[in-house]
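Visitor: Sequence and predicted structure are below.
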Amino acid sequence: MGEVVQMHFTTVDYVIFAVLLVASAGIGLFYAFSGGRQRTTQEFLMADRSMSCLPVSLSLLATFQSAVAILGAPSEVYTFGTQYWFLGCSYFLGLLIPAHVFIPVFYRLRLSSAYEYLELRFNKTVRICGTITFIFQMVIYMGVVLYAPALALNAVTGIDLWGAVLTMGLVCTLYTALGGLKAVIWTDVFQTVVMFAGQLAVIIVGASQAGGLAEVWRKAVNGSRIAGLDLNPDPLQRHTFWTLGVGGVFLMLALYGVNQAQVQRYLSSRTEKEAVMSCYVVFPCQQIVLCLGCLMGLVMFARYGEDSPLDKGYVKTNDQMVLYFVMDVFRNLPGLPGLFVACLFSGALSTISSAFNSLATVTMEDLIKPHFPNMTETKATFLSKGLALVYGLVCLAMAYIASIMGSVLQAAFSIFGMMGGPLLGLFCLGMFFPWANSVGAVVGLAAGLTMAFWVGIGSFVMRMSVISPGLPLNTTAPPLLDSTTTSALTSLVSTSTPKPRPTGVEALYSLSYMWYSAHNSTTVVVVGLLVSLLTGPMKEKDLTPGTVFPVLGTLLFFLPERYRDKLCCVTPLTPKHKDASTQPYQMAKKLSIVAASCKEDAVLQDGQTENEDLDPRDDQPESLTIQETAL
């Protein structure tokens, strides 16, 4: 085994990399000093609900196309072949369901935070539980996303590790805290273009050096890297059509259906139709990204064959292999290594900035505003910017913790993925099952998180304790879905040693990471429904209109109408027109006020609100202010 080989940037590379950072910061400054100058929480957190379809869709794409995905996908294909490409099959349902189920519900309720929905559907306790789970999830993930590419870059090129971390973290914090969601979305658009350019450059130059795409394909076929359709239903198999195509749907739903970072983009759209269209536009973009990742892996195989830089000891871990390959291919082409590193850091910047903005939104809307309903707009905006800044500094602290955790980085990725499934289950419980109550929701979420941590941590401990490479580590980050991966930072291990099929608890620990989200969300729904039935199911008259998607009514069409009524299967969705869209929200706030006030005052206040609702131009009385950034 040789020593780790380091290559170096030229001046042109540094200039290209610097241009990326300056351009990203410049977009943030532009939105800080133009338009409304981010003077309202509506503009800062929701981009004035004025974004069009194309920038929203590119931002949706960039948010989870992080640097870890750019490093992980080609390495996965290089090592295991193109089976991973079948993940693309999950994109159909993974985007159709959010487009036609989640977006209509969230958009018509005129929410700012996805977790406001949980209060409307259940109660404040469920909302706070969901919010805290999300904050914990994103804070852990931010540090890893920031640290991982900087570590790989430092190992391969010798660029100062903490210089890269601090530069990225500070630039990202600057444009997010100054420019708000508009700056985040437009920098995502710019960074998406840079990501595509960087990956295309590597594929074109690498393929031409290998003798053309036909030669790349021939070598991949001869090296058994072109995988056929594997219909093995075994959930313990790491990647099969079922784990990728079906398990992947749940990963997509956790990401594109209920994650605040994505929901916030839908809600920033001008109309519901544009929000739905953004889901349709992102679909072909995702397929292109997946194909680029697979192609890069095949070009790597055409260059190195079975003799990988990892086996030769040129690099220490799998995530460094792609960077080594890029520096090797572009050895005599100054500027192109800088372009790819800009592509890599664009992935990190887009993910982190989205995290800052979504964390500031949920903290403001779910944890602060409910306790300070009379806070002025100026104070609320200033506090929102401060929160984005604080989360930026927390991200840098998490990057430092990630650096001293070493191999426990795998556990950090697991923790992120372990929380996406239970949150998806919580939203599905509320949206599809009208009789689910708040007790069922809290107990279901607790059960889902317990199961997730038990399986995730048990799997990690078992794999760390087994030196034999019989069970492959779940190591590569799916493009766009790296948030659910179990690791992208440890070395891939060979599967040459056959192992007996695990049984009992070991089988549960050996579950493919692609099934984690499905397994954990199902736990939440099943436990939540059982507890709801035992503690007294919710009645239709107690439901806030517009919070339940009427899917059960369609599925149980064969039942007589009176039975469907008893199962609350006929709750209609809120109408599309604008005036109706805020009614469920207002009704929920009125109900919470009634519960908190004495009976006479509650009746009086309720009457006042009803009168004022007749004329939407009138201001709401102060005691009935709706907790929504639009006001």
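Guide: Received it, and whenever you're ready, just let me know what you need.
Visitor: Which parts of the stretch 351-500 of the chain are helices?
Guide: With helices called from DSSP state H, counting those that start in this stretch, the stretch 351-500 of the chain shows them at 377-405, 409-432, 438-465.
Visitor: Can you lay out these as TSV showing mean neighbour count?
Guide: Glycine gets a C-beta too; all of them are placed from N, C-alpha and C. Compiled in TSV, the helices of the stretch 351-500 of the chain are given as follows (neighbours: other Cβ atoms under 10 Å):
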stretch	mean neighbour count
helix 377-405	18
helix 409-432	25
helix 438-465	20
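Visitor: looking at the ones you listed, which one has the lowest mean pLDDT?
Guide: For the helices of the stretch 351-500 of the chain, mean pLDDT drops lowest on helix 409-432, to a mean of 78.
Visitor: OK, contacts around Phe549?
Guide: Shown in contact with Phe549 (Cβ atoms under 8 Å, 6 or more residues apart in numbering): 101, 104-105, 431-432, 573.
Visitor: Now distance to Leu60 too, for the helices of the stretch 351-500 of the chain, in TSV please.
Guide: As requested, the helices of the stretch 351-500 of the chain are exported to TSV (distance: least, Cβ to Cβ, whole Å):
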stretch	distance to Leu60
helix 377-405	20
helix 409-432	16
helix 438-465	25
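Visitor: Out of the ones you listed, flag the one nearest Val276.
Guide: Distance to Val276, taken as Cβ to Cβ, is lowest for helix 409-432 among those, at 16.6 Å.
Visitor: about what we covered before: right, and the pair among the contacts of Phe549 with maximum separation?
Guide: Within the contacts of Phe549, two members stand farthest from each other by Cβ to Cβ: Pro104 and Phe432, at 13.5 Å.
Visitor: Now do the closest residue to Phe122 other than its chain neighbours against Leu424, distance only.
Guide: Once its chain neighbours are removed from consideration, Phe122 has its nearest residue in Ser438; the separation is 4.0 Å (Cβ to Cβ, 6 or more residues apart in numbering). Plainly put, Ser438 is 18 Å away from Leu424 if you go by Cβ to Cβ, to the nearest Å.
Visitor: Touching, Arg564 and Leu556? I think so.
Guide: Yes - applying Cβ atoms under 8 Å as the test, Arg564 and Leu556 come out as touching, 5.9 Å apart.
Visitor: Mind checking which of those two has more residues around it?
Guide: More crowded of Arg564 and Leu556, by other Cβ atoms under 10 Å: Arg564, with 16 against 12.
Visitor: Per-residue pLDDT of that one, please?
Guide: Turning to Arg564, the model gives it a pLDDT of 71.
Visitor: Next, the buried residues of the helix or strand containing Ser532.
Guide: In this structure, Ser532 sits in helix 516-535 according to DSSP states H and E. For helix 516-535, the buried set under the neighbour-count rule, 16 or more other Cβ atoms under 10 Å, comprises 516-525, 527-529, 531-532.
Visitor: Same check on stretch 15-24?
Guide: Residues of stretch 15-24 classed as buried under the neighbour-count rule (16+ other Cβ under 10 Å) are 16-17, 20-21, 24.
Visitor: Among the residues you listed, which one sits closest to Val165?
Guide: The nearest member of these to Val165, counting by Cβ to Cβ, is Leu21 at 13.0 Å.
Visitor: isn't there a helix covering that closest one?
Guide: Yes - when classified by DSSP: H, G, I helix; E, B strand; the rest coil, Leu21 is found to be part of a helix.
Visitor: Now for it: which residues touch it?
Guide: Here Leu21 is in contact with 167-168, 171, 345 (Cβ under 8 Å, 6+ apart).
Visitor: For these, give me a markdown table that also has pLDDT and neighbour count.
Guide: Conversion of the contacts of Leu21 to a markdown table gives the following (pLDDT from 0 to 100; neighbours: other Cβ atoms under 10 Å):
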| residue | pLDDT | neighbour count |
| --- | --- | --- |
| Thr167 | 84 | 17 |
| Met168 | 82 | 25 |
| Val171 | 86 | 22 |
| Phe345 | 82 | 29 |
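Visitor: That's all I had, so thanks and see you.
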